[in-house]
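Asks: predicted structure and sequence below. I'll ask about it afterward.
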Amino acid sequence: MNGAVVIVISVFTLAAALAAATLPNLMHAAFCLALALLGLASFFFLLGAEFVGLALVFIYIGAVAVLIVFTILLTRRDSKEHYGLNWSGVLIALAVFAGLTWAVLKTQSLSVVPPHIQALTVKQIGQTLMTGYVWPLQCVGLLLTAALIGALVLVMEERR
Amino acid sequence: MTPTLQAFLIVSAALFSVGLLAALSRRHAIFILIGIEMMLAAANLNFIAFWRFAPPPHPPTGVMIAIFSIAISAAEAAVGLAMVITVYRHYRTTNVDQYDQLKG
């Protein structure tokens, strides 16, 4: 794990996230969100969680970002935002960031270097999912089914 | 120079704050959903970083929580965007300031 790589990836991710949060054009914002999530996935690769990084790329960039783009196209009438920023929100976000940074820097036990670990294989993840985490897995499957059916019911045309 | 856990936590805090900024300061409904997605992703980074920097032995708990959190945020995005489309059909706008029918 190299310090320069971490700095480059974090600058890329935060710049893309800031662009996604502030750009007035929705399409550009959705594209920047995909870029920010790509940066986040590279963080996961760097930290040794390759499976989660791949899942992030597939689910967020492959599904959620495309879903957001479809919603933008379906609500096209005002795809450009001209309402302006709400400055109290900016102040609250800055205050939250300052508080979190202060708390992180103040805690001495957090300044540790990564220990050497064995790589986490997909086989291990699958075995853990199927033994210790069976009930959460089933619940998530039920939740996803319910969410997809609920989304379909919500957007269905009402018959008169 | 190897980065410490604090570096990752600060990056995650910055990403969370940017998501909060998008959720609080924009008036467009889709921007609010983008902000919420960003905040969830920042929380995932925290889980993975704490898992990686924990002293051995290493049960993959942080990875599991991150996987479940990604699945739940996918469900949230599907329902949230469906709600945006439904509300847009009623009001013909995506400006959340104009969704004021329930305002007291």
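Replies: Looks like it came in fine. Residues are numbered from 1 along each chain as shown, chains lettered A, B, ... in the order given.

Asks: just the buried positions in stretch A:62-74, please.
Replies: A:Val64, A:Ala65, A:Leu67, A:Ile68, A:Val69, A:Thr71, A:Ile72 (16 or more other CB atoms under 10 Å in any protein chain shown). Any C-beta I mention is one placed from the backbone N, CA and C, and that applies to glycine too.

Asks: got a markdown table for the residues you listed, with secondary structure too?
Replies: Listed next are the buried residues of stretch A:62-74 as a markdown table, based on DSSP: H, G, I helix; E, B strand; the rest coil:
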| residue | secondary structure |
| --- | --- |
| A:Val64 | helix |
| A:Ala65 | helix |
| A:Leu67 | helix |
| A:Ile68 | helix |
| A:Val69 | helix |
| A:Thr71 | helix |
| A:Ile72 | helix |
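
Asks: nearest residue to the residue nearest the centre of chain A in space, please, no chain neighbours.
Replies: With distances taken as CA atoms, centre = their mean, A:Leu37 lies nearest the centre of chain A, 5.6 Å away. Of all residues not flanking A:Leu37 in the chain, A:Tyr60 sits nearest, at 4.6 Å (CB to CB, 6 or more residues apart in numbering or on different chains).

Asks: what would the buried residues of stretch A:62-74 look like in CSV with pLDDT and distance to chain B?
Replies: Shown next, in CSV, are the buried residues of stretch A:62-74 (pLDDT from 0 to 100; distance: CB to the nearest CB, whole Å):
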residue, pLDDT, distance to chain B
A:Val64, 88, 5
A:Ala65, 88, 9
A:Leu67, 89, 5
A:Ile68, 90, 6
A:Val69, 90, 10
A:Thr71, 89, 4
A:Ile72, 88, 6
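
Asks: the residue nearest to A:Leu37 touches B:Leu40, doesn't it?
Replies: No - the criterion here is CB atoms under 8 Å, and A:Tyr60 misses it with B:Leu40 at 9.6 Å.

Asks: these two: who's more crowded?
Replies: A:Tyr60 (26 against 19; other CB atoms under 10 Å in any protein chain shown).

Asks: what about that one, which SS state?
Replies: Going by three-state DSSP: A:Tyr60 is helix.
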